[in-house]
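Chemist: Provided below are the primary sequence and the corresponding predicted coordinates.
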Amino acid sequence: MAYGRRYGLVGRNGIGKTTLLKMISSEQLRIPSGISLLAVEQEVEGDDVRVIDAVLASDKRRQAMIEEEKVLQTRLNKENLTEAEKSKWNEELSKLYAAMENLQLDKAPARAASILYGLGFTPDEQKKPTKEFSGGWRMRVALARALFIKPDLLLLDEPTNMLDMRAVYWLEGHLQQWEGTILTVSHDRKFLNEICTDIIHLHTRRLDHYRGNYDTFEKTMKEKLSQQQREYEAQQTLRQHTQEFIDKFRYNAKRAAMVQSRIKMLEKLPVLRAVEPDSDITFKFADCEELNNPVLQLDDMSFRYNEDAPFLFRKLNLGTHANSRICIVGENGSGKTTLLKLLLGELNPTVGLRNVNRRIRIGYFTQHHVDQLDMYMTAIEVLAHNYPGRSQEEYRTALSHFGLVGDMALQSVYTLSGGQKSRLAFANIAMLKPNYLILDEPTNHLDVETVAALGAALNRFSGGVVLVSHDEQLIEMVCKELWVVKDRMVVNLEGGLEEYRKQVYKQLQLIS
């Protein structure tokens, strides 16, 4: 990897992308001395430290200088100092201040605050202790610390998973200005297109390097594989014709020299291999009966969690139909997941009504369901536990509809990659034979090709779909309505994703 380049590490789920990142971060792979390296892997611990202070404290050099300043000030404030001692400590302090000015340490609090604001923390939230935030928000603090430190090599594993679209857009802009080297794993096609100068493709235990972003990589790889297959087929034809000549004239004395020449030619031919394309990924939800409209409605609905809490929603009137394709977007904390739970019936309106078709069978996906899988069961055992009495063939068929085939069906869940666990969660939902799908961030941990497979499956699905997602590839493939959650309201945005993107970019320009 070259300094100043931004690399996207791509490959199928379970191929070893995260493992490779961990090998680099733990320096199992040799890293040149003098290169500062940082991997964003774990959330910041929740404690009494303020969010802004947690970010500032990550710069050890700055912290050391601040401590040194305190020591020097203490020495200068001692009584009965000689003139020589005063001169010495003042000189040391002047040198320290010059070094601090050279590093622009006075601008550090403003820079930390700017990064946190870009990632979605309001000025008031930045002053709160980290223990008041969920794991997802503390992961944002960990990301902010890494961006604040500015290591020579920044390792990011699915950095957009915990972000809303506004924060993703901000992060794209920030990383485009990054001076060091970045290596990121991401399922987000737009993110890879926006930030990557290079793509590293991990497949069949090898790494291939491509210049350009993800779209360029995809086009170049297809052309490369087509050329490789043409060369292989041409060589096979040459080998066949040459071997036929050798077999025909092997015992012809007059052609002996020609036969030997062709034998030597065959021996010198390079060994070309046929292209072994990755197997196509397909997802499949079972066909279902069409429901009569309206399917799911919230009428004059207001909601708050308790009497002392402010209202999260006020007088919502929302309706979905049998074949709806709705995506819900908005900043984290705006109430997207709460809205899904109100649609599901897991939460009851404080005021107003939830009306639902009696024949509805909802398949609900959330990362929480993935995290709750029994890690010591096999994939088949998970389905058998949740849907007892079915045949092994039915369980295997359900798993195969989401790409879990062969031995993967017999593997313990803890051995599966994050993306494979998500596929198992989808197979578990599909066993219900739902006629309506409600999905909360379904693309987390999926690779780019699998996101496309999910989008195609949702388009083929004959029931309705409501999803929360920040993945533009999935939104553009599936959604016909875009609901924006903001200021206790839900707006069906005319102009869809393109209009929402314009609004967010305009907002980011105002705060930059």
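Modeler: Noted; the coordinates are in hand.
Chemist: Can you tell me, leaving aside adjacent residues, what's nearest to residue 68?
Modeler: When the adjacent residues along the chain are set aside, residue 68 lies closest to residue 96, with 5.9 Å between them (C-beta to C-beta, 6 or more residues apart in numbering). C-beta here means a position set from N, CA and C on the backbone, and glycine is covered the same way.
Chemist: whoops, I mixed them up, residue 43
Modeler: If the residues on either side of it in the chain are set aside, residue 43 comes closest to residue 138, at 3.8 Å by C-beta to C-beta, 6+ apart.
Chemist: That neighbour: which element?
Modeler: Remark: residue 138 resides in helix 135-149, with elements defined by DSSP states H and E.
Chemist: how many degrees apart are the following helix or strand past that helix and helix 135-149 in direction?
Modeler: Next along the chain after helix 135-149, taking DSSP H and E as the criterion, comes strand 153-157. What separates the directions of strand 153-157 and helix 135-149 is an angle of 170 degrees, with axes from the mean of the first three to the mean of the last three C-alpha atoms, to 10 degrees.
Chemist: so what's residue 209 up against?
Modeler: Contact partners of residue 209, counting by C-beta atoms under 8 Å, 6 or more residues apart in numbering, are 198-201.
Chemist: which one of those has the most neighbours?
Modeler: For these, the largest number of neighbours (other C-beta atoms under 10 Å) sits with residue 199, at 23 neighbours.
Chemist: So what does the residue nearest to that one when sequence neighbours are not counted look like in phi/psi?
Modeler: For residue 199, ignoring the flanking residues on the chain, the nearest one in space by C-beta to C-beta, 6+ apart is residue 217 at 3.8 Å. Backbone dihedrals for residue 217, given as degrees, to the nearest 10, come out at phi -60, psi -50.
Chemist: So for residue 217, what pLDDT did the model give?
Modeler: Confidence at residue 217, expressed as pLDDT, is 96.
Chemist: swap in the one 5 residues further on?
Modeler: Note for residue 222: predicted pLDDT of 92.
Chemist: Tell me how many other residues surround it.
Modeler: Neighbour count for residue 222, taken as other C-beta under 10 Å: 11.
Chemist: now do residue 63
Modeler: The local packing of residue 63 (other C-beta under 10 Å) involves 12 other residues.
Chemist: Going along the chain, name the helices of the stretch 151-300 of the chain.
Modeler: For the stretch 151-300 of the chain, the helices defined by DSSP state H, counting those that start in this stretch occupy 165-176, 189-195, 214-249, 256-268.
Chemist: deepest of those, which one?
Modeler: Relative to the other members of the helices of the stretch 151-300 of the chain, helix 189-195 carries the highest mean neighbour count by mean count of other C-beta atoms under 10 Å, namely a mean of 23.
Chemist: Name the residues that touch that helix?
Modeler: Contacts made with helix 189-195 from outside it, assessed by C-beta under 8 Å, 6+ apart, are listed as 6, 8, 10, 159-160, 168, 171-172, 175-176, 182, 184, 186, 199, 213-215, 448, 451, 471-473.
Chemist: Find out how far that helix is from the centre of the chain, if you would.
Modeler: Taking C-alpha atoms, centre = their mean, to the nearest Å, one finds the center of helix 189-195 at 11 Å from the center of the full chain.
Chemist: ok so, going back, contacting residues around the residue nearest to residue 199?
Modeler: Neighbour list for residue 217: 8, 10, 199, 201, 210 [criterion: C-beta under 8 Å, 6+ apart].
Chemist: follow-up on the earlier one: so can I have TSV of the contacts of residue 209 showing distance to residue 411?
Modeler: What follows is these, written out as TSV (distance: C-beta to C-beta, whole Å):
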residue	distance to residue 411
198	33
199	29
200	27
201	25
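Chemist: Switch the helices of the stretch 151-300 of the chain over to TSV; also include distance to residue 333.
Modeler: Conversion of the helices of the stretch 151-300 of the chain to TSV gives the following (distance: least, C-beta to C-beta, whole Å):
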stretch	distance to residue 333
helix 165-176	11
helix 189-195	21
helix 214-249	30
helix 256-268	67
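Chemist: Please identify which of these is closest to residue 495.
Modeler: Nearest to residue 495 among the helices of the stretch 151-300 of the chain is helix 165-176; the distance by C-beta to C-beta comes to 14.9 Å.
Chemist: Please name every helix or strand in contact with the closest one.
Modeler: Applying 3 or more C-beta pairs under 8 Å, 6 or more residues apart in numbering; DSSP states H and E, one finds that helix 165-176 contacts helix 108-118, helix 135-149, helix 189-195, helix 496-511.
Chemist: For the residue nearest to residue 68, what is the enclosing helix or strand?
Modeler: If you go by DSSP H and E, residue 96 is part of helix 83-102.
Chemist: Tell me who's in contact with residue 488.
Modeler: With contact taken as C-beta under 8 Å, 6+ apart, residue 488 is in contact with 311-314, 335.
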